[in-house]
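> following is a predicted model, sequence given first.
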Amino acid sequence: MSIAYRPEIDGLRAIAVLAVVLYHAGIGGAGFVGVDIFFVISGYLVTLLLLKEQSATGRIDILAFYARRVRRILPAASVVVLATLAAGWFLLPLQAQIHTADSAGAALVFASNIFFQLTTGGYFDPSAEEIPLLHLWTLSVEEQFYLLWPALLILLLRFHRPLLAAGIGALGLVSFASAELLIAAGSDAAFYQMPPRFWELAAGGLIAALPERALPRWLATAGILITLVACIWPFAHFPGVGALPAVLGASLLIGAIHGGARSPVLSSAPMVGIGLISYSLYLWHWPLLAFYRATSIGEGSVQTRLALCALAVLLALASYRYVEQPFRRLRIPGLRLVVSGSAVSTLLALGAYGLGLHLDKAMKSHATATAIEDNPLAVHAENDWPSRHCHASRTDPPELKCAASSRTVVWGDSMGYAWMPAFPEASQATRDNCQPFVGYLPAEPKPTDLKCLSHNAAAARLPGDTFILAARWAAVSHDFDLAPTFEALKGRKVLVIGPSPQMRERVPRCIRQRAERECAITRAEFDAQAKPLLAKLRKAAAPYANVEIVDVSDYFCSETSCPPVRDGVPMYWDANHVSATAASAFKLRDFIVNGARPTTSSVSQP
């Protein structure tokens, strides 16, 4: 069963894929909504195909539908995944290779949206730009929709055919409401998961369920204009209300095409040509850009990124000609194709997962300094330096319970976590993004702020003679007040570790690219940031004789430069968190015991 070819749909695909590719190349705008346009197109075409089949034959052949999806989606996606794994072997560090292999396994069974939500930060986080297969979350969303939609459509048709459009619309509204609720809760599920994205696919399905009748000519023009504006101008509250303009523009245009409208622009040869290769172009462009960003210092050049997009077009043409088209022409029975396609996909996924396990084992056995510095989890979770961790009780408010009776406590955010190797005898009371501010709560607190509030209250009650406070002071967005913290620690020795430098790039990458000099910052740049912070810390500590501010500037910087590596040892595990080796070599322990000034001599292996 097939439907009439409409070249304008390929023209709309061209707008969607060009918007995405240019946005990913760093041109700006809001081209990421091209994905939302693709969702509307997919919902329309799939629903129209299924409804035409039901109308012509009286039934929907789900097996034949799945076979068409296998021909359309799996071959090109598998080629790109395998090529990405091979390229990652040569271009990426071990930790990134492991993540790429694991994401490949998830992508091959169309669960990468779940994988990336659980293992990756937000899609728009800077670090996400270096994940080679991140873009395949969209395929997982579509495949999960394809898996459920035929059966759901059959149920809606059996319930009451005249109310089909109303049923699709109702499901879309429920999905949209769930997206808004997840956005309000701060959950990445609103972006990555199929149910809160279903409304975009349902918008296309709703058009397919409506009668094919001519609509005003201006509707197609309005649809194109709204779509282009949505691709250029970003809207807040995405992907809920913020995705509405893109979905509305695409829906108006598709609705006009559904009613027989024609568009010379969308049906032109260049637009149709780009639309035909849009799937392969979408698959190829992101790994090329991600590898470039993962192997470059800084942002790289726009010219190079555009050149890589041009290369992606060439790869897409080859992929369309030699992969997509031959597999679409295969005449294999539906059941055999679905079973064999599922088997191949599963075997490839298991192979990718096995590669990840092999690489993980290799990384753990490769205990060189560079490997450790490239893997902060190995540095802090699996290294041999002793630690006594504190755990929160289940009481309300929670109490921190320490595993040993250490008289020294390290308290702070991830910076405190990074400094732990300097204090092997200390209890650890650190929490990510929780600076040691007793009693602080922003005007509009989030759940994480409330957790910080209770965590800091519990940390201040811990027994101990000496408290080491460390935080990323430069990242504190409010006018911080340490007086309540110092008041809570009266009678104890308190050492506050001052700010440390921020390199221009993550140090492991600087080392791999042999670009330590390019990654360093000048001492003047660091002093411009650090001196006001140190002045603020000293002013807060002035009324308290038990509080000492520890200036680490001379440890990390010479008179002219703050380098990422000293005496062959990486000073940071990323761009600003002190490495385990550098932390261990900083002899602050001597200061705790006998009041000697911290050692600022050259770094050596502890």
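Yep, that arrived.

> residue contacts, residue 199?
171, 172, 173, 175, 176, 179, 247 (CB atoms under 8 Å, 6 or more residues apart in numbering). Any C-beta I mention is one placed from the backbone N, CA and C, and that applies to glycine too.

> any idea which of these is the one closest to residue 144?
Using CB to CB, residue 175 is the member of these that lies nearest residue 144, at 12.8 Å.

> which residues touch the closest one?
195, 196, 197, 198, 199, 202.

> SS state for it?
With DSSP: H, G, I helix; E, B strand; the rest coil as the basis, residue 175 sits in helix.

> ok, residue 236 next?
coil.

> might one say that it is in contact with residue 242?
Yes: the pair residue 236 / residue 242 is scored as a contact, 5.6 Å apart, by CB atoms under 8 Å.

> who has more neighbours, those two?
residue 242 (18 against 7; other CB atoms under 10 Å).

> and for stretch 131-138, what are the contacting residues?
Here stretch 131-138 has contacts from 35, 38-39, 77, 81, 84, 87-88, 92, 99-100, 103-104, 107, 112-113, 116, 120, 123, 128, 192, 282-283, 286-287, 290-291, 294, using CB under 8 Å, 6+ apart.

> just those residues: which are in helices?
Mapping the contacts of stretch 131-138 onto helices (DSSP state H) picks out 35, 38-39, 77, 81, 84, 87-88, 99-100, 103-104, 107, 112-113, 116, 192, 282-283, 286-287, 290-291, 294.

> show me what contacts residue 54?
Neighbouring residues of residue 54 by CB under 8 Å, 6+ apart: 60, 157.

> report the secondary structure state of it.
Applying three-state DSSP: residue 54 is helix.

> hmm, back to that, PyMOL command to pick out the buried ones of the contacts of residue 175?
The buried residues among the contacts of residue 175 can be selected in PyMOL (16 or more other CB atoms under 10 Å) with this line:
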select buried, resi 195+196+197+198+199+202
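
> and of the contacts of residue 175, the nearest to residue 266?
Nearest to residue 266 among these, with distances taken as CB to CB, is residue 202, at 23.2 Å.

> residue 135 falls within a helix, correct?
Yes: according to three-state DSSP, residue 135 belongs to a helix.

> okay, now it: neighbour count?
The burial count for residue 135: 24, using other CB under 10 Å.

> distance of it from residue 505?
Separation of residue 135 from residue 505 (CB to CB, to the nearest Å): 23 Å.

> equivalent analysis for residue 193, please.
Counting by CB to CB - residue 193 and residue 505 are separated by 33 Å.

> helices and strands around the helix or strand residue 451 falls within, which ones?
Using DSSP states H and E, residue 451 maps to helix 447-460. On a contact count with 3 or more CB pairs under 8 Å, 6 or more residues apart in numbering; DSSP states H and E, helix 447-460 meets strand 388-392, strand 400-402, strand 427-430, helix 483-488.

> what subset of the contacts of stretch 131-138 is buried?
Buried among the contacts of stretch 131-138 (16+ other CB under 10 Å): 35, 38-39, 77, 81, 84, 87-88, 92, 99-100, 103-104, 107, 112-113, 116, 120, 123, 192, 282-283, 286-287, 290-291, 294.

> and the contacts of residue 199, which two are furthest apart?
171 and 247, at 14.8 Å, using CB to CB across these.

> of those two, which one has the most company?
In this view residue 171 and residue 247 are compared by other CB under 10 Å, and residue 247 has more residues nearby, 27 against 19.

> okay, and the more buried one sits in which element?
helix 244-258.

> immediately after that helix, which helix or strand?
Later in the chain than helix 244-258, the nearest helix or strand by DSSP H and E is helix 269-276.

> mind listing what's buried in that following helix?
271, 272, 274, 275, 276.

> which element is residue 165 on?
Following DSSP H and E, the helix or strand that holds residue 165 is helix 164-184.

> quick one: mean pLDDT over that helix.
For helix 164-184, the mean per-residue pLDDT is 95.

> tell me where the model's unsure across the stretch 1-150 of the chain.
1, 121-126 (pLDDT under 70).

> longest helix of this structure?
helix 334-365.

> any chance of the contacts of residue 175 in CSV, plus distance to residue 448 and pLDDT?
Below are the contacts of residue 175 laid out as CSV (distance: CB to CB, whole Å; pLDDT from 0 to 100):
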residue, distance to residue 448, pLDDT
195, 24, 97
196, 21, 97
197, 25, 97
198, 28, 97
199, 28, 97
202, 33, 97
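
> A helix includes residue 410, no?
No: per three-state DSSP, residue 410 lies outside any helix segment and is strand.

> residue 60 contacts residue 50, correct?
Yes: counting by CB under 8 Å, residue 60 touches residue 50, with 5.3 Å between them.

> quick one, which of these two is more surrounded?
Set residue 60 next to residue 50 and count neighbours by other CB under 10 Å: residue 50 wins out with 22 against 18.

> would you mind measuring from the more buried one to residue 74?
20 Å.

> so what's the nearest residue in space to residue 235 that is not next to it in sequence up against?
Counting by CB to CB, 6 or more residues apart in numbering, residue 235 lies nearest to residue 242, which is 4.1 Å off, once chain neighbours are set aside. Neighbouring residues of residue 242 by CB under 8 Å, 6+ apart: 234, 235, 236.

> can you get me a residue count around the closest residue to residue 433 other than its chain neighbours?
In this structure, residue 433 finds its nearest non-sequential neighbour in residue 413, 5.7 Å apart by CB to CB, 6+ apart. A count of nearby residues for residue 413, using other CB under 10 Å, gives 21.

> quick revisit: give the buried residues for the helix holding residue 451.
Applying 16+ other CB under 10 Å to helix 447-460 flags 451, 452, 453, 455, 456, 457, 458, 459, 460 as buried.

> compute the inter-axis angle for that helix and strand 408-412.
160 degrees (axes from the mean of the first three to the mean of the last three CA atoms, to 10 degrees).

> pull helix 447-460 out as CSV, backbone CA atoms only.
This file holds the C-alpha atoms of helix 447-460, laid out as CSV (Å, rounded to 0.1, in the frame of the first residue of the first chain):
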residue,chain,number,x,y,z
PRO,A,447,14.1,21.0,45.0
THR,A,448,17.9,20.9,44.7
ASP,A,449,18.2,24.1,46.7
LEU,A,450,16.1,22.6,49.5
LYS,A,451,18.4,19.6,49.5
CYS,A,452,21.4,21.9,49.8
LEU,A,453,19.8,23.7,52.7
SER,A,454,19.3,20.5,54.7
HIS,A,455,22.7,19.1,53.6
ASN,A,456,24.6,22.2,54.8
ALA,A,457,22.7,22.3,58.1
ALA,A,458,23.7,18.7,58.7
ALA,A,459,27.3,19.3,57.6
ALA,A,460,27.7,22.2,60.1
